[in-house]
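In: Take a look and give me a structure for this.
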Amino acid sequence: MFRKRKKAEKEYLLDGVWSADTILLQQSEPRILTLLLKALIVYCLVAGGIGSVLSALNVDYHVLIVQLVLLAASILFVLLYYNHIIENLGYILILVLMVMGGYLLRNYISSGFYGVMNELGEEVSRYFKSDVIRSYGEQISNRPLAVTVSMCYIGIVCCLIINILVSRKMRYLMIIMAITFCLFMPLYLELEPELFYVLQFLWGVFLTYMIHRSKHYKLETSDRKYKRNKHTYSYIYSIRTMSQASALLVAVILIVLIFLSILFPKDDFHERYPAGAWKKQTGETVENLAIVGIAGLFNFYDNVGGLTSGRLGGVSAIRLDYQTDLTLTFVPTSMKRFYLRQFVGGKYQPVRNRWESVQNISQQTEEAICEAYTQGSDYIGQGQIQVDNVGGKSGLYLPYYSMDADKAVWVGRSQTYTYYNTDYMYTDENKSLQVDWNLESSKELYLDVPIEDAEAVDQTIALAKMDDSLSLVENVSRLKKYYAENIPYSYRPGVTPYGKDFVHYFLLENRRGYCAHFASAATLIFRRLGIPARYVEGYAVDPEDIGEEGKALLDASAEEYHQGYTEIDQSGVVRVNVLDADAHAWVEVWSDGTGWRVVDITPASLESGGGQSLSNILMRLFGNVMNGEMADSAGTANILSDTQDFGEVTQSLLKIIGGLIAFIAILFCFVPGIRFLYGRFRYADLGRNDKLVHSYQRYVRKMEHDVNGLSERINYEEQIELLQARGKLHMGEGEKRRFLSIMERAGFGSTEISEEEDAWLRERLK
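Out: Presented below is the predicted three-dimensional model:
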């Protein structure tokens, strides 16, 4: 049936096997079964990976539904490789359906993903004994349903990606790295997945590896079992071999896992094998990674504590590295916060979202206090503070009531400031520094509220029940209470969207933020009430920090650092490290008689740190509009009832099922029509000769499925002889000569064949 080769009568098939009968090349494999086996591999990789993570975290969800959806998705995606048309058109339609499904089920997808992250947060809190709170808002009250929908959607996406990696290239290393990344934190927290899911995943990985190493994994467009290379023949794939290897692999993995579970029992494993040196050394890094997120490993600003010299809106998340920025050496004299001013903002630029620096800071209050101290006041003391700039910005670090406003501190240098501490204006209402406003040219600056922020400021004033008829103390108290009860502190407020104003977005839309948000809004609110105010950035050191972290300098003289009045018993000289976590923003308001006073109105934080983690980026891809802490913290979540959950999911699933039905109909009903129209359009401008040649080439490609090696014949005569030998063409010797004459003139001649010849040859091709 085959022509003999010129150099050898025998064909080399496999090592050690020689045969002159190459009829083996006609053998075929059940292509559908081969694809289904690869679908099973994809299913086990995805279902095993997702199941391992969820079972380790002990997340409650509908397991059977997720498993069935992933199995169906794996089969559908693998069957796309049945032929090129289904593959090319299928991926486009699947992408459309996935976008539609993601939009219709966006609340469930994001809420379910948040539920899993909240479970992980609880485990992190338990393991590290920290105060990590749930920081992701769940819009759906029925968490098992939300997690089920979310894992189905995420699993379908994973099936699509892994199908591409497995079905064509068997990229087992990328799959292992992906699931290792997902399982790293649960395993580090000593959470063990269930045996069934581990078996699923390991079977998929090892079978992928075995097929990859065998080199017989590239899908062909035909069902033939063998293919001919340049000098040899090799098999493409064998469903029987793959099935036997799969069954054997399941048995081996199961035996190994059972043996390991007996050898290392789960109950006392961690007691018998405590954490090693590596885990102890990496504990702080992993804890920071778990609490802050992957961005905790990177710096985005020169000062990661939040000091931005009045630039607002570009900090998506504050990441604290708890490194020393400044070192202070002084004598503590009060149980109040100790502030160092680094930046003072006067005019606010809306939409551009920045404060303009005040170049000439009024020091009327300082001058009045200095004069009172010189006159021997009993309520004023004078101190010296040495500021060593270890890793902060170069610039001014001015303590309150200091006349040294011209002393900057460069990085690696130190500076000594003279300052005053006093309760002079607060100990008796009748006592006052008699500081009056004498900067009329700048009073308008400190009362300016841009028109872009007027609406947000007025609404907040009304909600906080503030009024210009109330005293300064009462207005401050009401705003502070409103902040604490309605707008939570957050290290992860997200960036202000392009084109939106920072204060307006904070007060009316995002409604969460850190100190810069609260201080900026409060500054404009006080101005709206007729109270001169300005925005300040710097460092705030609490007495607790001084007591716990400060180091007493026993060899230093307290008298050299402080003389005069002190609120507490005379203490010694201390040295305190000021961390990036001590960076802060607050407000200064003007009070007639006392001058500029500190108003610190930022509510207390319940978080341990913040960051723009990878999980946050992924969750924004799912379209959740909450982007932040627990919904009940902000009091703005839209919690849907279980009945609404079921109804919405049912409607969305019906729409998606309808889309799948349409998808299948297009593939199997309209593909032939599309192919026909494409062929007509593509060859519309060709002549009769070229059209006949293209028709013959399509015929050869079609017959290649039944006649192996047909396309490898180098000329028309050899191809026709092979087709006659296989019983595909039935012609006498005269018809054969005419057939060859027409094809050679159509392919290589300069004259066009007649319509009668064209019709005759096409009739033979039928």
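In: Do a quick rundown of the strands in the stretch 351-500 of the chain.
Out: For the stretch 351-500 of the chain, applying DSSP state E, counting those that start in this stretch gives strands covering 354-357, 380-389, 395-396, 398-399, 408-409, 414-422.
In: quick one, which of those is nearest to L145?
Out: Distance to L145, taken as CB to CB, is lowest for strand 354-357 among these, at 45.0 Å. C-betas here are computed from N, CA, C, even on glycine.
In: Show me what counts as buried in the closest one.
Out: Under the neighbour-count criterion of 16 or more other CB atoms under 10 Å, strand 354-357 has 354-355 buried.
In: Let's test this: mean pLDDT of it, rounded?
Out: On average, the pLDDT along strand 354-357 is 92.
In: Alpha carbons of it, as CSV, please.
Out: What follows is strand 354-357 as a C-alpha-only set of coordinates in CSV (Å, rounded to 0.1, in the frame of the first residue of the first chain):
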residue,chain,number,x,y,z
ARG,A,354,-2.5,70.1,48.2
TRP,A,355,-1.8,72.6,50.9
GLU,A,356,0.4,75.6,50.1
SER,A,357,3.2,76.0,52.7
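In: Counting by contacts, list what it packs against.
Out: Contact analysis of strand 354-357 by 3 or more CB pairs under 8 Å, 6 or more residues apart in numbering; DSSP states H and E lists strand 338-349 as its packing neighbours.
In: List the pairing partners of the strand it packs on within its sheet, with orientation.
Out: strand 354-357 (antiparallel), strand 398-399 (antiparallel), strand 533-541 (antiparallel) (DSSP bridges).
In: Touching the second one from outside, list them.
Out: Meaning strand 398-399. Applying CB atoms under 8 Å, 6 or more residues apart in numbering, the external contacts of strand 398-399 come out as 338-342, 385, 404-405, 407, 417, 419.
In: run the last query once more with 10 Å
Out: Applying CB atoms under 10 Å, 6 or more residues apart in numbering, the contact partners of strand 398-399 are 328, 330, 338-342, 344, 361, 363, 366, 383, 385, 387, 404-409, 415, 417-421, 538.
In: Just the buried ones among those residues, please.
Out: Going by neighbour count (16+ other CB under 10 Å), the contacts of strand 398-399 have 328, 330, 338-342, 344, 361, 363, 366, 383, 385, 387, 405, 409, 415, 417, 419-421, 538 buried.
In: number of nearby residues for I262?
Out: 8 (other CB atoms under 10 Å).
In: what helices or strands is the helix or strand containing it leaning on?
Out: In this assignment (DSSP states H and E), I262 forms part of helix 239-263. On a contact count with 3 or more CB pairs under 10 Å, 6 or more residues apart in numbering; DSSP states H and E, helix 239-263 meets helix 31-57, helix 195-214.
In: By mean pLDDT, show me the worst of those.
Out: Comparing mean pLDDT across the helices and strands packed on helix 239-263, the weakest is helix 195-214, with a mean of 79.
In: hmm, back to that, let's have the strands paired with strand 338-349 in JSON lines, adding distance to G51.
Out: Rendered in JSON lines, the data for the strands paired with strand 338-349 read as follows (distance: least, CB to CB, whole Å):
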{"stretch": "strand 354-357", "distance to G51": "49"}
{"stretch": "strand 398-399", "distance to G51": "58"}
{"stretch": "strand 533-541", "distance to G51": "48"}
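In: Name the surrounding residues that touch the host helix or strand of V700.
Out: For V700, the host element (DSSP H and E) is helix 688-703. Outside of helix 688-703, the residues within contact range by CB under 10 Å, 6+ apart are 221, 679, 682-687, 707, 710-711, 713, 716, 719, 722-723, 726, 728-729, 742-743, 745-755, 757-758, 761-762, 764-766.
In: Restricted to buried residues, select those residues in ChimeraX.
Out: Buried residues among the contacts of helix 688-703 (16+ other CB under 10 Å), as a ChimeraX selection:
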select :707,710,713,716,719,722,723,729,742,743,745,746,753,757,758,761,764
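In: Just the ones in helices from the contacts of helix 688-703, please.
Out: 679, 682, 716, 719, 722-723, 742-743, 745-748, 755, 757-758, 761-762, 764-765 (DSSP state H).
In: List the contacts of the closest residue in space to H730 that isn't next to it in sequence.
Out: The spatially closest residue to H730, leaving aside those adjacent along the chain, is Q724, at 7.5 Å (CB to CB, 6 or more residues apart in numbering). Counting by CB under 10 Å, 6+ apart, Q724 makes contact with 730-731, 736.
In: go on, A522?
Out: Shown in contact with A522 (CB under 10 Å, 6+ apart): 457, 460, 476, 479-480, 483, 503, 533, 535, 585-587, 589, 599-602.
In: Likewise for L340?
Out: Taking CB under 10 Å, 6+ apart, one finds 326, 328, 385, 387, 392, 396-400, 402, 409, 417, 419, 538-541, 578, 582, 584 in contact with L340.
In: cutoff 6 Å now
Out: Contacts for L340 (CB atoms under 6 Å, 6 or more residues apart in numbering) come out as 397, 399, 538-539.
In: Any figure for the gap between it and Q363?
Out: L340 is 16 Å from Q363, where distance means CB to CB, to the nearest Å.
In: Also V387?
Out: Distance, V387 to Q363, by CB to CB: 18 Å.
In: so V587 is in which element?
Out: Judged by DSSP H and E, V587 forms part of strand 583-591.
In: For that strand, list every residue counted as buried.
Out: Buried-residue list, strand 583-591, by 16+ other CB under 10 Å: 583-591.
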